[in-house]
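Colleague: here you go, sequence then predicted model.
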Amino acid sequence: MKGKYLDKNEIAGWRETLRAEGKKLVVTNGCFDLLHVGHVRYLSQARALGDVLLVAVNSDHSVRQLKGMSRPVHPESDRAEVLSALTAVDHVTIFDEVRCESILRTVQPDIYVKGGDYTVETLDEGERGVLEEVGAKIRILPLVPGRSTTNTIERMRS
């Protein structure tokens, strides 16, 4: 799966190219375990904020640390490939840490986007610190009511 996928070793050079071209980089991250309409709308809104959207996907290991041993439902390579197929997504990378501080420090986004289940105050302190350090704007986008991976899994179980 090459295409839109960026290996962590490619990101710094890729970012320098974007900067030289004067392109505004938007970054978001998450598990994206079971893609639903809320994700699609969120990613489309995020993409509209800049010239390029990079989605950093939690690895299987980091999803298990965040969500428990029953997750992820789909392996990281499948989640990255599905995201790559979306028109709104320009590039995808996978990161192994629970928090994406390292990738944020490397990529230095112009805009960092999270969903409405967060506020600027509830963002991870380390991530927020890196974003402030690199001068990124933080945007919180609204959730689509009733659409979440957790809700989907609960409906499937009942």
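Modeller: Thanks, I have it.
Colleague: could you list the low-pLDDT ranges of the chain?
Modeller: In the predicted model, the chain carries pLDDT under 70 at residues 1, 145-153, 156.
Colleague: separation between the spatially most central residue of it and residue 157?
Modeller: Among the residues of the chain, the smallest C-alpha distance to the mean C-alpha position (C-alpha atoms, centre = their mean) belongs to residue 29, namely 1.8 Å. Residue 29 is 26 Å from residue 157, where distance means C-beta to C-beta, to the nearest Å. (C-beta placed from N, C-alpha, C; glycine too.)
Colleague: repeat that for residue 86.
Modeller: In terms of C-beta to C-beta, residue 86 sits 27 Å off from residue 157.
Colleague: who has more neighbours, those two?
Modeller: Taking neighbours as other C-beta atoms under 10 Å, residue 86 and residue 157 compare with residue 86 leading, 18 against 6.
Colleague: could you list every residue that touches that one?
Modeller: With contact taken as C-beta atoms under 8 Å, 6 or more residues apart in numbering, residue 86 is in contact with 40, 43.
Colleague: distance of it from residue 54?
Modeller: Taking C-beta to C-beta as the measure, residue 86 falls 13 Å from residue 54.
Colleague: list the contacts of residue 59.
Modeller: Per C-beta under 8 Å, 6+ apart, neighbours of residue 59: 76, 94-96.
Colleague: now with 10 Å?
Modeller: By C-beta atoms under 10 Å, 6 or more residues apart in numbering, residue 59 lies in contact with 31, 65, 72, 75-77, 79-80, 94-98.
Colleague: try residue 139
Modeller: Residues in contact with residue 139, defined by C-beta under 10 Å, 6+ apart, are 26, 28, 45-46, 49, 111-114, 120.
Colleague: and which of those residues is nearest to residue 104?
Modeller: residue 112 (7.0 Å; C-beta to C-beta).
Colleague: hang on, the earlier thing: the residue nearest to the centre of the chain contacts residue 99, correct?
Modeller: Yes: between residue 29 and residue 99 there is a contact at 9.0 Å, judged by C-beta atoms under 10 Å.
Colleague: spit out the residues that contact the two alike.
Modeller: Taking C-beta under 10 Å, 6+ apart as the criterion, residue 29 and residue 99 both touch 58, 127.
Colleague: picking up where we left off before, top of the contacts of residue 59 by number of neighbours, please.
Modeller: Counting neighbours by other C-beta under 10 Å, residue 79 leads the contacts of residue 59 with 26 neighbours.
Colleague: surely that one touches residue 32?
Modeller: Yes: the criterion here is C-beta under 10 Å, and residue 79 meets it with residue 32 at 5.2 Å.
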